[in-house]
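got a predicted structure here, sequence first:
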Amino acid sequence: MARADLPLDELVAYRPDVTRPDDFDAFWARTLNEARGHDLAVRVEEVDTPYRTVTVRDVSFAGFGGDRIGAWFTVPRGEDGPLPAVVEFIGYNGGRDLPGESLRWASAGYAHLLVDTRGQGARWGGGGRTADPHGSGPATPGFMTRGIEHPDTYFYRRVFTDAVRAVEAVRTLPGVDPGRVAAQGGSQGGGITLAVAGLVPDLVAAMPDVPFLCHFARALDVCDKDPYAEITRYLAVHRPRVDDVLGTLSYFDGVNFARRASAPALFSVALMDLICPPSTVYAAYNHYAGATKDIEVYRYNDHEGGESYQRQAQIRWLDKLLGR
């Protein structure tokens with residue numbers, strides 16, 4: 001495997017101009033205000049698992065359009081709290097899997113909310129269970145071009161709204177310190193994490209790993225792998241729609257959310273990543289507005305990034321940040 005992007009010394013300084021719509025802030029204020037017109041309606045049910053050191057609950061809440069969004073809420077058994085919480089978002093077309101399959105945050109003494117991605121969960125892992133009841137115009141197979149005709153109908157408008165509502169939901173759960181909520185995720189989950197960091201001003205921390213959904217214009221030029229390639233295939237058919245599609249995507253670009261973010265952040269990047277090119281990650285990192293930020297660099301890894309090394313680095317970093 002060879003590097004197919006900029007050398008590291010250029011990546012470190014890479015801070016491209018990325019189109020930001022004039023009504024970006026107004027668009028997201030309107031979107032979230034509409035979502036908050038629906039009662040959050042958090043529901044919690046105990047779940048039976050074979051795990052003895054944690055308690056797992058099945059949580060659902062009202063996301064975009066009042067649609068029900070599912071999540072697993074896992075806490076250390078016997079801990080009364082209040083505990084800091086980590087809200088985790090999932091990679092492309094994965095789901096929340098079975099209850100108890102993600103134990104690291106609870107094992108480290110955190111409350112953990114693992115959030116399903118609407119409509120996804122049929123490609124890897126143990127599946128997802130949250131529907132996306134909204135339709136779409138003509139689209140490439142996958143999720144990247146669903147509703148791409150307009151920002152109001154684009155798939156990720158719903159996903160990012162669900163993510164903000166997930167943070168609001170976890171703050172209502174028993175044993176959670178609502179003032180100490182962090183967001184974390186890898187790949188698509190990293191892109192969602194950046195959106196949350198830009199839309200939730202009092203987040204305590206953000207941890208985007210090898211984030212997807214950043215600097216779309218460059219990704220479409222240099223990446224020939226899915227999921228970005230879903231968009232290039234769409235544009236190869238819908239030839240006159242390039243400017244319209246890039247206009248829609250600008251409302252969902254992780255770089256534009258990074259510019260709004262203030263929470264301390266720990267990124268990661270893999271320099272041989274063929275799915276989320278490192279220049280797109282550095283574009284978001286170098287535009288990230290939070291005063292405290294760091295990035296773990298995995299020189300010889302593809303999209304898997306740091307895996308267990310990064311997972312432990314996150315726990316240690318967050319522990320230190322919170323003085324635990």
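In hand now; what should we look at?

output the below-cut-off pLDDT ranges for the stretch 201-324 of the chain.
Filtered on pLDDT under 70, the stretch 201-324 of the chain yields no residues whatsoever.

strands of that one, start to end?
205-209, 265-270, 293-298 (DSSP state E, counting those that start in this stretch).

list the neighbouring strands of the second one plus their orientation.
Partner strands and pairing direction for strand 265-270 (DSSP bridges) are strand 205-209 (parallel), strand 293-298 (parallel).

helices along the stretch 1-150 of the chain, start to end?
8-12, 24-35, 104-107 (DSSP state H, counting those that start in this stretch).

CA atoms only: put the first one into CSV for me.
Which is helix 8-12. Extracted C-alpha coordinates of helix 8-12, given in CSV (Å, rounded to 0.1, in the frame of the first residue of the first chain):
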residue,chain,number,x,y,z
LEU,A,8,2.9,14.8,6.0
ASP,A,9,4.7,18.2,6.1
GLU,A,10,2.1,19.5,3.6
LEU,A,11,-0.8,17.9,5.5
VAL,A,12,0.2,19.6,8.7
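
average pLDDT for that helix?
Summarised as a single mean, pLDDT over helix 8-12 is 98.

buried sites along that helix?
For helix 8-12, burial by neighbour count (16 or more other C-beta atoms under 10 Å) applies to residue 11. For glycine as for every other residue, the C-beta is placed from the backbone atoms N, C-alpha and C.

which strands or helices does it pack on?
Applying 3 or more C-beta pairs under 8 Å, 6 or more residues apart in numbering; DSSP states H and E, we find helix 8-12 packed against helix 278-287.

how far does the helix it packs on sit from the chain's center?
15 Å (C-alpha atoms, centre = their mean, to the nearest Å).

just stretch 178-197 next, same as before
5 Å.

so what are the sheet partners of the longest strand along the chain and their directions?
The longest strand of the chain (DSSP state E) is strand 176-186. Here strand 176-186 is paired, per DSSP bridges, with strand 83-89 (parallel), strand 205-209 (parallel).

on that earlier part again, of the strands of the stretch 201-324 of the chain, which approaches residue 170 most closely?
strand 205-209 (13.7 Å; C-beta to C-beta).

list the buried residues for that closest one?
So, applying 16+ other C-beta under 10 Å, buried residues of strand 205-209: 205-209.
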